[in-house]
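Chemist: no sequence on this one, just coordinates:
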């Protein structure tokens, strides 16, 4: 399998010179162990996915650590949480850096153990699926912000994919970048492994068949405001169970909850998060859009296109070493706005798909799968002018247009591959 260079490589190498332990988190199959083995080929590699190795690590942790002296790579470390106690002792005994390289796909276990045992000793790095930049071999590293300066730099290396719907449908897992890997089989095994290995281990989930139906129901709502009751009614479970299961999907890197932008001045703002899947290929598999052609003209095309664009924006931040949770939100008001479309006045929802906040400036973004953007699509942007102590910056409509352009002063249309 050909290795695809990851945007986080340089950051991991730098952190290894500063911290005694590096922890790479992320969903299953995003390439965590491959990345660590690629960067540190001379360091011993151990995976706790092997049940025999896992048993040794759990039952005889002291001997396990004696036999596996640092520097060492330990994959799926959350399977033997007791090891963190011994890793902490080893870190405290030495002044060396880069002693332990850890990876894990269950953040609900990992974060608790790291905060309790490894605080100040560990650099935590989130690895997402492949970005479009990584797939195309583009080394451009700046986080996406819809400014003229960003666009000027981005156009130096941005290249459109042959078929954006093929990219969206194929998904972002590294293994799927091999043409001979069968799409349906990969995702069938992925879901089976995720449910039977990760989910089964959680006491919060006993009914795995219902959890499968829950994942399908959640996939059908990607890009929508999260409605726990609606999902609960569809799968025949109570709201508290759905809330628990949503938190499991979020903590294991399957979904992302985009929080609303709701300062006090915007009194009619909706205060419920929106649900987005991290990988569009998984959404297509769960919601049964089996080919790119059918997807492109299907009922969920707009929602999945939006899911792809937002996932790419989040990757641009995390790959630049920034915690996107402090930068992004969305806005939806309970009122409607009047705008002009083709010379006619019409009412549209008061909604901004995505807001990026940086240095006190709010950058509004709309996401449409259309081949061209229209200025009326940005009718809700001025609502941000009401926010005190903040300034509205340039905005954009991300779409399927062939090249960037100006819709009006300080508002651009941008191809999705410019992210």
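Modeler: Received, thanks. Just so it is clear, the structure is predicted and the values come from calculations on it, not from any experiment.

Chemist: per-residue pLDDT of residue 200, please?
Modeler: Note on residue 200: pLDDT of 77.

Chemist: would you confirm that it contacts residue 206?
Modeler: No. Contact between residue 200 and residue 206 fails when scored by CB atoms under 8 Å: they sit 9.0 Å apart. Glycine gets a C-beta too; all of them are placed from N, C-alpha and C.

Chemist: between the two, which one's more packed in?
Modeler: Using other CB atoms under 10 Å, the more surrounded residue of residue 200 and residue 206 is residue 200, with 12 against 9.

Chemist: all strands for the stretch 1-150 of the chain, in order.
Modeler: Applying DSSP state E, counting those that start in this stretch to the stretch 1-150 of the chain gives strands spanning 21-25, 44-47, 72-75, 100-104, 122-126.

Chemist: same question, the stretch 301-419 of the chain
Modeler: Counting by DSSP E, counting those that start in this stretch, the strands of the stretch 301-419 of the chain are 328-341, 344-358, 361-367, 391-392, 395-399, 405-408, 411-415.

Chemist: so what strands line up beside the last one?
Modeler: Right, the one you point to is strand 411-415. Next to strand 411-415 in the sheet, as set by DSSP bridges, lie strand 395-399 (parallel), strand 405-408 (antiparallel).

Chemist: pull the distance from the shortest one to the chain's centre.
Modeler: Spelled out, that is strand 405-408. In this view, strand 405-408 has its centroid 29 Å away from the chain centroid, taken as CA atoms, centre = their mean, to the nearest Å.

Chemist: contacts for that strand next, please.
Modeler: By CB atoms under 8 Å, 6 or more residues apart in numbering, the surrounding residues in contact with strand 405-408 are 373-375, 378, 397, 412-413.

Chemist: which element, helix or strand, includes residue 231?
Modeler: helix 228-235 (DSSP states H and E).

Chemist: give the next helix or strand downstream of that helix.
Modeler: Stepping forward along the backbone from helix 228-235, the first helix or strand reached (DSSP H and E) is helix 239-251.

Chemist: avg pLDDT for that next one?
Modeler: Averaging the model's pLDDT scores along helix 239-251 yields 93.

Chemist: so which elements touch it?
Modeler: helix 107-117, helix 208-219, helix 228-235, strand 255-258 (3 or more CB pairs under 8 Å, 6 or more residues apart in numbering; DSSP states H and E).

Chemist: among the ones you listed, show the one with the smallest mean pLDDT.
Modeler: Across those, helix 107-117 has the smallest mean pLDDT, namely a mean of 60.

Chemist: state the number of residues packed around residue 254.
Modeler: 21.

Chemist: buried residues, the helix holding residue 231. List them.
Modeler: Buried residues in helix 228-235, counted by 16 or more other CB atoms under 10 Å: 228, 231-232, 234-235.

Chemist: cool, and stretch 156-172?
Modeler: 158, 164-165, 167-172.

Chemist: so of those, which ones are in helices?
Modeler: Residues of these located in helices (DSSP state H): 164-165, 167-170.

Chemist: can you add pLDDT and distance to residue 307 and give the residues you listed back as a markdown table?
Modeler: Below are these laid out as a markdown table (pLDDT from 0 to 100; distance: CB to CB, whole Å):
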| residue | pLDDT | distance to residue 307 |
| --- | --- | --- |
| 164 | 98 | 13 |
| 165 | 98 | 13 |
| 167 | 98 | 13 |
| 168 | 98 | 9 |
| 169 | 98 | 12 |
| 170 | 98 | 14 |
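
Chemist: which of these lies closest to residue 320?
Modeler: Taking CB to CB as the measure, residue 320 sits nearest to residue 167 out of those, at 21.2 Å.

Chemist: quick revisit: nearest to residue 321 among the buried residues of helix 228-235?
Modeler: residue 228 (33.4 Å).

Chemist: how close does the closest one sit to residue 272?
Modeler: Residue 228 sits 9 Å away from residue 272, going by CB to CB, to the nearest Å.

Chemist: what's the weakest-modelled helix or strand in this protein?
Modeler: Least confident helix or strand of the chain, by mean pLDDT, DSSP states H and E, is helix 107-117 with a mean of 60.

Chemist: tell me which stretches of the stretch 1-150 of the chain form helices.
Modeler: Along the stretch 1-150 of the chain, counting by DSSP state H, counting those that start in this stretch, helices occupy 9-16, 32-39, 51-59, 61-67, 83-93, 107-117, 132-135, 148-154.

Chemist: show me what the longest helix out of those in the chain is packed against.
Modeler: As assigned by DSSP H, the longest helix anywhere in the chain is helix 301-318. For helix 301-318, the packing partners by 3+ CB pairs under 8 Å, 6+ apart come out as helix 164-170, strand 255-258, strand 274-277, helix 280-286, strand 328-341, strand 344-358, strand 361-367.

Chemist: for the last one, which positions count as buried?
Modeler: Right, strand 361-367. Those buried within strand 361-367 under the rule 16+ other CB under 10 Å are 362-367.

Chemist: shaky segments in this structure?
Modeler: For the chain, the stretches with pLDDT under 70 are 106-119, 202-204, 265, 267, 335-349.

Chemist: could you rerun that using 50?
Modeler: For the chain, applying pLDDT under 50 flags no range at all.
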